[in-house]
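S.K.: sequence-free structure coming up:
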């Protein structure tokens with residue numbers, strides 16, 4: 001359990017970088033989140049206490065003064081310590097240049113953690129951001145300036161890691177994961193991933209098993225079904241629309257895969273996990289726009 005204070009924002013007028021939500025929480029011992037995926041970038045900063053952050057086989061023991069990055073569609077798990085549970089603040093954000101700006105902070109798929117000695121200042125920025133909740137133009141611009149202020153503080157301890165050459169395995173894994181994240185909504189298969197990397201399927205399989213302890217197909221399915229859970233619990237999209245947006249052209253195939261993973265049918269999952277308002281209205285509209293451009297959905301709507 002955690003005592004959390006959260007501000008969720010509607011669609012932003014900014015495009016390069018913008019806040020999606022922010023918050024502050026004091027966690028109970030062993031409070032955990034996941035394994036699950038997020039659709040936005042998140043930065044967590046630990047104000048006090050300690051805990052564990054895990055993504056794939058990578059596990060980090062973190063404490064006050066440290067923080068961690070969660071990337072979109074990455075399967076993550078984090079848990080507060082049993083004796084000294086952490087309190088942390090977080091900012092969820094997105095934007096066309098979000099990845100580039102994170103690189104400026106020295107954060108990327110290879111470097112997911114950071115340190116800062118200015119925890120009180122970071123906390124002040126987030127709490128002030130949460131206070132800008134009236135939806136006015138002034139509040140929106142203030143939130144934007146506070147986000148850049150947050151990035152400015154983290155940049156003081158940034159190390160440019162782009163110059164360090166990743167291993168061949170990491171290079172292929174990063175390209176594979178990026179390809180899956182960008183294309184999971186289309187009807188891609190493992191052969192397409194291997195073809196994109198110009199490697200054979202057996203080598204691709206070994207890469208995923210050694211790095212994530214799962215096959216490429218299992219990872220692709222995890223990404224798709226995690227996104228499906230999010231859409232079912234936070235939007236009014238039909239099961240057919242959810243299936244299409246997650247890369248399934250056959251609703252029956254989607255429903256069977258979903259039930260194997262969760263133990264319940266999509267409609268049943270929606271009834272038990274429905275949380276109206278969990279997703280920003282703007283994001284809901286964006287999903288609908290993307291779906292309306294999908295040729296398969298156009299055919300479905302004509303039926």
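M.R.: Ah, there it is. Small disclaimer: the values here were computed from a predicted structure and weren't measured.
S.K.: Can you get me the start-to-end distance on stretch 35-44?
M.R.: One end of stretch 35-44 to the other measures 16 Å (C-alpha to C-alpha, to the nearest Å).
S.K.: which residues are in contact with it?
M.R.: With contact meaning C-beta atoms under 8 Å, 6 or more residues apart in numbering, stretch 35-44 is reached by 20-21, 53, 67-78, 88-94, 98-99, 102, 150, 154, 222-223, 226-227, 230, 283. Heads up, the C-betas are built off the backbone N, CA and C, glycines and all.
S.K.: same thing with stretch 45-55?
M.R.: Contacts of stretch 45-55 (C-beta under 8 Å, 6+ apart): 24, 27, 44, 59-68, 70, 74-81, 84-90, 112-113, 116, 119, 122-123.
S.K.: quick one: average pLDDT of the strand or helix carrying residue 34?
M.R.: In this structure, residue 34 sits in strand 32-36 according to DSSP states H and E. Averaging pLDDT along strand 32-36 yields 86.
S.K.: what about it, distance to the chain center?
M.R.: 12 Å (C-alpha atoms, centre = their mean, to the nearest Å).
S.K.: In its sheet, which strands sit next to it, and in what direction?
M.R.: Sheet pairing for strand 32-36, assigned by DSSP bridges, gives strand 76-80 (antiparallel).
S.K.: can you list contacts of the partner strand?
M.R.: For strand 76-80, using C-beta under 8 Å, 6+ apart, the contacting residues are 2, 27-38, 44, 49, 51-55, 68, 70, 86.
S.K.: same deal with stretch 199-214?
M.R.: 56-57, 169, 172-173, 176, 190-191, 193-194, 197, 215-216, 218-219, 222.
S.K.: Swap in 6 Å and give it another go.
M.R.: With contacts defined as C-beta atoms under 6 Å, 6 or more residues apart in numbering, stretch 199-214 is touched by 56, 172, 173, 194, 215, 216.
S.K.: mind listing the helices for the stretch 1-150 of the chain?
M.R.: 98-104, 119-131, 137-155 (DSSP state H, counting those that start in this stretch).
S.K.: nearest to residue 265, of those?
M.R.: Smallest distance to residue 265 across those (C-beta to C-beta): 34.9 Å, for helix 98-104.
S.K.: isn't residue 16 right up against residue 97?
M.R.: Yes: the criterion here is C-beta atoms under 6 Å, and residue 16 meets it with residue 97 at 4.5 Å.
S.K.: Emit the ChimeraX select command for whichever of the contacts of strand 76-80 are buried.
M.R.: Selection of buried members from the contacts of strand 76-80 for ChimeraX, criterion 16 or more other C-beta atoms under 10 Å:
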select :2,27,31,34,37,38,44,49,51,53,54,55,68,70,86
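S.K.: Need the buried ones from the contacts of stretch 45-55 selected in ChimeraX.
M.R.: To isolate in ChimeraX the members of the contacts of stretch 45-55 that are buried, counting by 16+ other C-beta under 10 Å, one can use:
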select :24,27,44,62,66,67,68,70,74,75,76,78,79,80,81,85,86,87,88,89,90,112,116,119,122,123
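S.K.: Tell me which stretches of the chain form strands.
M.R.: 2-8, 18-27, 32-36, 41-48, 50-55, 58-63, 66-70, 76-80, 87-94, 113-115 (DSSP state E).
S.K.: Who are the packing partners of the second one?
M.R.: Spelled out, that is strand 18-27. strand 2-8, strand 87-94, helix 119-131 (3 or more C-beta pairs under 6 Å, 6 or more residues apart in numbering; DSSP states H and E).
S.K.: Select, out of the helices of the stretch 1-150 of the chain, the one closest to residue 248.
M.R.: helix 98-104 (27.0 Å).
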